[in-house]
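Asks: everything below, folded, please.
(chains A and B)
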Amino acid sequence: MPQAAVRLEDLSKTFGATKALAGAGLTLRPGTVHALLGGNGSGKSTAIKILAGAYVADAGTIEIGERRWDAPSYDAREGFAAGLRFVHQDLGLFDELTVAENFALDHGWPRGRGGRIRWGALRSRVAQLLERYEVEATPDMIVAKLRPAQRTMLAIARAVQDHDGADRVLILDEPTAALPLHESEILLRAVRRRADLGQTVLIVSHRMQEVLSVSDDFTVFRDGRTVANLVDASPTEDELIAHMTGAVVTAHEAAPASREATTEPVLEVRGLVGGPLTGVDLTVRAGEIVGIAGLVGSGRTSLLKTVFGEHRPAEGTISIAGRAASARDGVGRRMAEGVAYLPEDRLGEAALNELSVRENLSASVLRSFWRGGRMAHRAERDAAEGLVGTYKVKTTSVDAVFASLSGGNQQKVVLARWLRRNPRLLLLDEPTQGVDIMSRRDIYASIRQAAAAGCAVVVASSDFVELCELCDRVAVLAKGAVTTSVEGEALTVDRLTALTQSSAPLERAS
Amino acid sequence: MEQTLAAAPAQAAPKKKRDLRFKDLAERNALLALLIAIVVFFSVWPQSSAVFFTTENFSVLLGNQAVVALLALAAILPLVSNYFDFSLGSIAAASTVLQAGLMSRHDVPLWLAALLGILLGAAIGGVNGLLVTRFRLSAFVTTLGMATLLGGVIQWYTGGQTIVNGISDGLIDFGSSTWLGLPRVVYVVILFAIVLWYLLVHTPYGRTLYAIGANPRSAKLLGIPADRNVHLSFVLAGLIAGVVGVLQLARSGSATADTGTSILFPALAAAFLGATAVRPGFFNVVGTMIGVLLVSVSVSGLTLAGASAWVSPVFNGAALLIAVGLSTYLGRHRGVAAK
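Replies: Have a look, this model is predicted:
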């Protein structure tokens, strides 16, 4: 057996009464891309955090290259010296600074006489690295202006620098979670090329199809244990999910039969212009789930935010339930008309992080608990407990701090907060981003139930599998306008990929 | 064998939950327990026991602290939404000076002078709120600038002199008399404490302030008019600071050219102390009142025991440092638990 780049054995870690890891193992072969999979609470984050030094393991051994530690005495600095390099979901880039400054802050400034910074040397070195890692950027660009995939590649280049041999192990923690499909494909292709050059890579990801396309080996954690270790394999998505859930569950339920679109339209958008939108036409009827597919920059989020009254349109009309909306209407007006909006950025735009689950649930309906000159605290609590049950939120109590919930349960809370208003039109932006597969199924069920009750649903997502599974019909958005729409048999991942990717060259040809 | 192993954590879970609940209870009531401990200590300590635990002493103590207590209540309104207001002490001082000036120089009746003083406070709060919400200036800088500006205006208006003549006897009488053994001004503080507690705990408006404090973006996307509500919190804080000005004039019977910072700092100390109790991590009315009492009781006890004049500011300063430290620690603690 060849020397492993990284080997974890019998790793255990307990938090209070919870066993996060119960003897998990993981072996990375040098020069391969290895996928670490598992649902929320499977222990994969804990394992990564132990390697990064954020937690100390209770027991087990850690081996990196030639070196070997008893896990409790492992030190992240020694791991770094042995070649571990981390790129977390939060890339740790300084957005306001330039690319070159980001490199220098991590790796030191080349100094000249009198301690001055040799900017020229820094730029040329960074330019070389950018070229090698295929980052489409120049050293003087401000990081905030880079495209998402390029930012991730930049973080990778910064982490590994020029030591890209097999003695460096690159650990990518949810690298694509915040990226739209197109961007993550670019990123993964680049990662694959690094691996072909001998780089060892460990990828932690929720996006099954992506890791399938890029990985050589697979390790699946469940309940803190390693339940599958597939070397040089090409498993199917359903096989991996079966390992993750411990049951045979298929990811893709057949989409419900396309419903007769004879009900009255709830949302009618005509010629909508504003921001990246260049003239969107869209009709959504009661009980319909309509997807919005499109690349980053196509205007998915802008469309939803404009309909919700958060952005003001420059031109065009929006009618909700037959009533033409004024361009000056705000969010409050839309909510009164029965519109709900679940933002893409849960932490930044939906969470009330330090407040309790109950307060997060009530935030959308505060006035309804204002009875007889006081807040009806008992009724509020009862209602919150009911919602936690209905939407299968796992929490110790409704008084638990929102931030203490896992990503999937947080998402259930922010969705429940809107569904309790019985919205007429539900706008969802990346509803299952960073959500584990079990919570995802619960969320889909809640969305379907709302639609069955007559709510019109719009789902913007970069996850085409999600769109195919959930939607009756998907509108393809490109360059700020709906180019086409697919439904029924034609609604497949490949078709959506083709439609979103092809629009640019097609237009150039015509 | 394996089954017994598996059963162990299941049994441990309820115990763990009980521990957590106990910790939570301890955290909520730590400040109150400390207050009681201090009262008991000074009541039995031979050096202070003779005078400390007497109605007269508590009456003086509460009367003297009424001004700080009310200012602390004003301060927590913007603080709940994460906005600092440094100008509240100066607003109170400006209100005091305006009332004294109106009464002594223009023979304005008491009710009108008090009303104008309070309205001045609300107006300045309105300007603060406008600058912070409409023009997106940092609240820290805005209110610091406003405090400095008001300090200068006070100097100009008084010419650096204390206004002593012509102040309504009725007001001075109100400031120095008691009702049911407590100074009358204390009832004003209690009234405002109840109103603010009601506002923050029992109205949708108060709940939105906490939501804005947690995440202003989320609040806006939930249809909460964040700017308007924050603006109103500055106006209300200014208005209460205006009332503080009335109490101040009633207690001292004169208006000095003081800029009000001397009462602002103890008030902020109390507000931050309060954020470590009752609802830890959040500014709240009951906690703030406990904070005020804690600082004042300790200082009173130490003074009675013969400690020098420097002890009071040292104690106030230390209390503020410890309070902010604890607040931050608790906040961070939550953040870590979150991940």
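Asks: contacting residues for the residue of the stretch 151-300 of chain A found nearest chain B?
Replies: Closest residue of the stretch 151-300 of chain A to chain B, CB to the nearest CB: residue A:223 (11.1 Å). Heads up, the C-betas are built off the backbone N, CA and C, glycines and all. Contacts for residue A:223 (CB atoms under 8 Å, 6 or more residues apart in numbering or on different chains) come out as A:19, A:22, A:41-43.
Asks: the spatially most central residue of chain B in helix, strand or coil?
Replies: Nearest to the geometric centre of chain B sits residue B:72, at 1.1 Å (CA atoms, centre = their mean). Assigned with DSSP: H, G, I helix; E, B strand; the rest coil, residue B:72 falls in the helix class.
Asks: that one touches residue B:291, doesn't it?
Replies: Yes - using CB atoms under 8 Å, residue B:72 is in contact with residue B:291, at 7.0 Å.
Asks: overlap in contacts, those two.
Replies: B:270-271, B:274.
Asks: now do the end-to-end distance for stretch A:314-324.
Replies: 15 Å (CA to CA, to the nearest Å).
Asks: try stretch A:472-481
Replies: First-to-last residue span, stretch A:472-481, CA to CA: 20 Å.
Asks: and stretch B:177-184, by the same measure?
Replies: Stretch B:177-184 has its terminal residues 6 Å apart, counting by CA to CA.
Asks: can you count the residues close to residue B:138?
Replies: 12 (other CB atoms under 10 Å in any protein chain shown).
Asks: can you tell me the closest non-neighbouring residue to it?
Replies: residue B:132 (7.7 Å; CB to CB, 6 or more residues apart in numbering or on different chains).
Asks: I'd say that neighbour and residue B:82 touch.
Replies: No - the criterion here is CB under 8 Å, and residue B:132 misses it with residue B:82 at 11.0 Å.
Asks: got the buried residues for stretch A:196-203?
Replies: A:199-203 (16 or more other CB atoms under 10 Å in any protein chain shown).
Asks: just those residues: which are in helices?
Replies: Counting by DSSP state H, no part of the buried residues of stretch A:196-203 is found in helices.
Asks: now those residues as JSON lines including distance to chain B and pLDDT?
Replies: Compiled in JSON lines, the buried residues of stretch A:196-203 are given as follows (distance: CB to the nearest CB, whole Å; pLDDT from 0 to 100):
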{"residue": "A:199", "distance to chain B": "28", "pLDDT": "85"}
{"residue": "A:200", "distance to chain B": "27", "pLDDT": "89"}
{"residue": "A:201", "distance to chain B": "24", "pLDDT": "91"}
{"residue": "A:202", "distance to chain B": "20", "pLDDT": "93"}
{"residue": "A:203", "distance to chain B": "21", "pLDDT": "91"}
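Asks: count the neighbours of residue 145 for me.
Replies: You didn't say which chain, so I picked chain A. Count around residue A:145 with other CB under 10 Å applied: 12.
Asks: not what I meant, chain B
Replies: Using other CB under 10 Å: residue B:145 sits among 15 other residues.
Asks: now it: how far from residue B:71?
Replies: 19 Å (CB to CB, to the nearest Å).
Asks: ok, and the most crowded of the contacts of residue A:223?
Replies: Most surrounded of the contacts of residue A:223: other CB under 10 Å gives residue A:43, at 26 neighbours.
Asks: what ranges in the stretch 401-510 of chain A fall below the confidence cut-off?
Replies: A:501-510 (pLDDT under 70).
Asks: kindly provide the distance from the closest residue to chain B within it to residue A:357.
Replies: Residue of the stretch 401-510 of chain A nearest chain B, by CB to the nearest CB: residue A:403 (3.2 Å). Residue A:403 sits 10 Å away from residue A:357, taking CB to CB as the criterion.
Asks: neighbour-wise, which of those two wins?
Replies: Set residue A:403 next to residue A:357 and count neighbours by other CB under 10 Å: residue A:357 wins out with 29 against 19.
Asks: low-confidence bits of the chain, can you list those?
Replies: Let's take chain A. Using pLDDT under 70, chain A drops low at A:1-2, A:16-17, A:39-41, A:162-166, A:177-178, A:180-181, A:206, A:247-262, A:296-297, A:501-510.
Asks: please refer instead to chain B.
Replies: For chain B (pLDDT under 70), the answer is B:1-20, B:323-324, B:327, B:330-339.
Asks: ranges for the helices of it?
Replies: Using DSSP H, helices in chain B cover B:2-44, B:46-52, B:55-80, B:88-106, B:110-133, B:139-158, B:169-176, B:184-202, B:204-214, B:216-221, B:226-252, B:261-274, B:285-304, B:311-338.
Asks: tell me the secondary structure of the residue of the stretch 401-510 of chain A closest to chain B, please.
Replies: helix.
Asks: I figured it hits residue A:351, correct?
Replies: Yes - Residue A:403 is within contact range of residue A:351, at 7.4 Å (criterion: CB under 8 Å).
Asks: would a markdown table of the helices of chain B with distance to residue A:8 be doable?
Replies: What follows is the helices of chain B, written out as a markdown table (distance: least, CB to CB, whole Å):
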| stretch | distance to residue A:8 |
| --- | --- |
| helix B:2-44 | 22 |
| helix B:46-52 | 63 |
| helix B:55-80 | 46 |
| helix B:88-106 | 56 |
| helix B:110-133 | 51 |
| helix B:139-158 | 48 |
| helix B:169-176 | 72 |
| helix B:184-202 | 50 |
| helix B:204-214 | 38 |
| helix B:216-221 | 38 |
| helix B:226-252 | 47 |
| helix B:261-274 | 45 |
| helix B:285-304 | 46 |
| helix B:311-338 | 24 |
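Asks: which stretch among these comes nearest residue A:99?
Replies: Proximity to residue A:99 (CB to CB) singles out helix B:216-221 among the helices of chain B, at 27.8 Å.
Asks: and the closest one, what other elements does it pack with?
Replies: With contacts taken as 3 or more CB pairs under 8 Å, 6 or more residues apart in numbering or on different chains; DSSP states H and E, helix B:216-221 sits against helix B:204-214, helix B:226-252.
Asks: which other residues reach that helix?
Replies: By CB under 8 Å, 6+ apart, helix B:216-221 touches A:308, A:310, A:331, A:341, A:343, A:348-352, A:363, B:81-82, B:208, B:211-212, B:226.
Asks: what's the offset of that helix from the middle of its chain?
Replies: Here helix B:216-221 is found 27 Å from its chain centre; the criterion is CA atoms, centre = their mean, to the nearest Å.
Asks: equivalent analysis for stretch A:150-161, please.
Replies: That offset, for stretch A:150-161, works out to 19 Å (CA atoms, centre = their mean).
Asks: give me the buried positions along that stretch.
Replies: A:150-161.
Asks: same deal with stretch A:461-480?
Replies: A:461-480.
Asks: these in strands, which ones?
Replies: Secondary structure from DSSP state E places A:473-478 of the buried residues of stretch A:461-480 in strands.
Asks: give the burial count for residue B:82, as a bare number.
Replies: 15.
Asks: count of neighbours near the nearest residue in space to it that is not next to it in sequence?
Replies: Nearest non-adjacent residue to residue B:82, counting by CB to CB, 6+ apart: residue B:213, 4.7 Å away. When neighbours are counted by other CB under 10 Å, residue B:213 registers 21.
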